[in-house]
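*Asks:* just the structure for this:
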Amino acid sequence: MKNKLLEGKLVVSIEQAVAAPYCSVKLADAGARVIKVERSEGDFARYYDNFVKGDSTYFVWLNRGKESFIANIKDSQDQEFLKKLILKSDIFIQNLLPGTLDKYGLDSKSLRKKNSKLITCDISGYGSLGSYSKTKAYDLLIQAETGLCSLTGDEKHPGRVGVSVCDIACGLNAYTLILEALIKRGRTGSGSSIKISLFDSLSEWMNVPYLQYTYTKTAPKRVGLAHPSIVPYGCFSTKDKINILFSIQNEREWNSFEKNILKLPEQLKKKFINPSKRLKYKTNLNDIISRAFKLLTAKKVTYFLKKSNIAYGFLNNIKDLAKHSELKTAYLTTDKGKIKFIPPVRIKNQKYYKKIPSLGEHTKKIKEEFN
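*Replies:* Prediction:
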């Protein structure tokens, strides 16, 4: 079932990479018409790789249902056309380096002076002000700057979250704020100026470690596939070399787990009698659990965990995910054929999505329409 909630809304997005395209593809999925403005060589995300029938994984993920329009923002004729196009739109999104569009009269402030109903969304790395404003910002760099890498990885080495979590956070925030701005415009008739950064978006997600540090002067430590304060909570390998993660959340679960799997002697039961003791003797307890799991198959371990109503999961790889019984997939098309992908979360599931545009596919049609 197609989503038509934003049908009739026109979005113009001068976009590249991930954050802005993630926002605009969600608007397209909701029924808006999205015109993606690209330079002559195209959004560089088109060329990150060629793994999907010759197309980039990132571009396939983020650009379904859009129209591709080629323009050179340095060309005076293209500048005038873009102004005309944007001023007729409902929403304007851009994620170029702060100040880039000011030189050509395409900045949000200038455009909103001419159309007070226009909703503008400027996406940047660190905001438009401050000493970092002109600094290039990519996902991994922001993960590092916000301290996320210091919490990710094993106990010895920091790590990167393996997907573009920073860009996704920013794109989702932008999408949410645009929807709020549309509600506001429906009530007041006025547009909005949204300014959002990758740094701010990911920083907000860092509230728990930030608050812990601010009020205790102690930052959480990296614990890999474990938990800094809950024990047992982690990944253990079974006799048949299946990695299972599980978490004990209360004493009922602990007592059942100890009785069915660990079967501890009385002196050890006392040693691990409450959460504080289990945390204190974490290394000792994890060693005991590791030895117990190595005597049991994954089938047997999961039987006991289910029986005890203990939360658990398998440490899957991407091949495992692709075969997961709960994974929902859908289809979209490119010039090179039909592609199966993981669709966004929707109010109602949708099986088929609109086409991914080839570079400049809609340039002629858009020029004729808006001239």
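
*Asks:* which parts of the protein are strands?
*Replies:* Ranges of strands in the chain, per DSSP state E, are 10-14, 33-38, 66-70, 91-94, 119-124, 193-197, 233-237, 243-247, 311-314, 330-334, 337-341.

*Asks:* which other helices and strands does the fourth one contact?
*Replies:* Pointing back at strand 91-94 there. Packing partners of strand 91-94 (3 or more C-beta pairs under 8 Å, 6 or more residues apart in numbering; DSSP states H and E): strand 10-14, helix 19-29, helix 108-114, strand 119-124, helix 165-188. Where you see a C-beta, it was placed from the backbone N, CA and C, and this is true even at glycine.

*Asks:* can you check the third one too?
*Replies:* For strand 66-70, the elements it packs on are helix 19-29, strand 33-38, helix 363-370, judged by 3+ C-beta pairs under 8 Å, 6+ apart.

*Asks:* 10 Å instead?
*Replies:* strand 10-14, helix 19-29, strand 33-38, helix 76-87, helix 363-370 (3 or more C-beta pairs under 10 Å, 6 or more residues apart in numbering; DSSP states H and E).

*Asks:* closest to Ile248 out of those?
*Replies:* Each of the helices and strands packed on strand 66-70 has some distance to Ile248 by C-beta to C-beta; the shortest is helix 19-29, at 36.4 Å.

*Asks:* excluding chain neighbours, what is closest to Lys307?
*Replies:* Excluding the flanking residues, the one nearest Lys307 by C-beta to C-beta, 6 or more residues apart in numbering is Asn260, at 6.7 Å.

*Asks:* JSON lines for the helices and strands packed on strand 66-70, including mean pLDDT, mean neighbour count and distance to Ser203?
*Replies:* As requested, those are exported to JSON lines (pLDDT from 0 to 100; neighbours: other C-beta atoms under 10 Å; distance: least, C-beta to C-beta, whole Å):
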{"stretch": "strand 10-14", "mean pLDDT": "98", "mean neighbour count": "24", "distance to Ser203": "24"}
{"stretch": "helix 19-29", "mean pLDDT": "97", "mean neighbour count": "26", "distance to Ser203": "15"}
{"stretch": "strand 33-38", "mean pLDDT": "98", "mean neighbour count": "25", "distance to Ser203": "28"}
{"stretch": "helix 76-87", "mean pLDDT": "96", "mean neighbour count": "16", "distance to Ser203": "30"}
{"stretch": "helix 363-370", "mean pLDDT": "95", "mean neighbour count": "13", "distance to Ser203": "37"}
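
*Asks:* for those, give me JSON lines that also has distance to Ile196.
*Replies:* Converted to JSON lines, the helices and strands packed on strand 66-70 look like this (distance: least, C-beta to C-beta, whole Å):
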{"stretch": "strand 10-14", "distance to Ile196": "14"}
{"stretch": "helix 19-29", "distance to Ile196": "9"}
{"stretch": "strand 33-38", "distance to Ile196": "18"}
{"stretch": "helix 76-87", "distance to Ile196": "18"}
{"stretch": "helix 363-370", "distance to Ile196": "27"}
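
*Asks:* out of those, which is closest to Val60?
*Replies:* helix 19-29 (10.7 Å).

*Asks:* quick one: low-confidence parts of this protein?
*Replies:* Scanning the chain for pLDDT under 70 picks out 1-3.

*Asks:* domain ranges for it?
*Replies:* Annotated domains of the chain cover 10-206+327-370, 233-314 [automatic domain parsing].

*Asks:* deepest-packed of these, please.
*Replies:* domain 10-206+327-370 (a mean of 18; mean count of other C-beta atoms under 10 Å).

*Asks:* how long is that one end to end?
*Replies:* Start and end residues of domain 10-206+327-370 are separated by 12 Å (C-alpha to C-alpha, to the nearest Å).

*Asks:* what does stretch 34-45 give?
*Replies:* 17 Å.

*Asks:* including distance to Ile273, could the strands of the chain go into TSV?
*Replies:* Shown next, in TSV, are the strands of the chain (distance: least, C-beta to C-beta, whole Å):
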stretch	distance to Ile273
strand 10-14	58
strand 33-38	59
strand 66-70	59
strand 91-94	56
strand 119-124	52
strand 193-197	48
strand 233-237	18
strand 243-247	19
strand 311-314	22
strand 330-334	50
strand 337-341	50
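
*Asks:* which one of these lies closest to Lys351?
*Replies:* strand 330-334 (5.3 Å).

*Asks:* what sits against Met206?
*Replies:* Thr146, Gly147, Leu148, Leu151, Tyr213 (C-beta atoms under 10 Å, 6 or more residues apart in numbering).

*Asks:* ugh, wrong one, Leu268
*Replies:* Glu258, Leu262, Tyr281, Asn284, Leu285, Ile288.

*Asks:* distance check, it against Leu225.
*Replies:* 24 Å (C-beta to C-beta, to the nearest Å).

*Asks:* what do you get for Ser108?
*Replies:* From Ser108 to Leu225 the distance is 43 Å (C-beta to C-beta).

*Asks:* same question, Glu361
*Replies:* From Glu361 to Leu225 the distance is 45 Å (C-beta to C-beta).

*Asks:* returning to what we had before: which of the strands of the chain sits closest to Gly159?
*Replies:* strand 233-237 (15.2 Å).

*Asks:* what does that closest one rub up against?
*Replies:* So strand 233-237 is in contact with 223-227, 242-249, 278, 282, 286, 289-294, 298, 301, 311-315, going by C-beta under 10 Å, 6+ apart.
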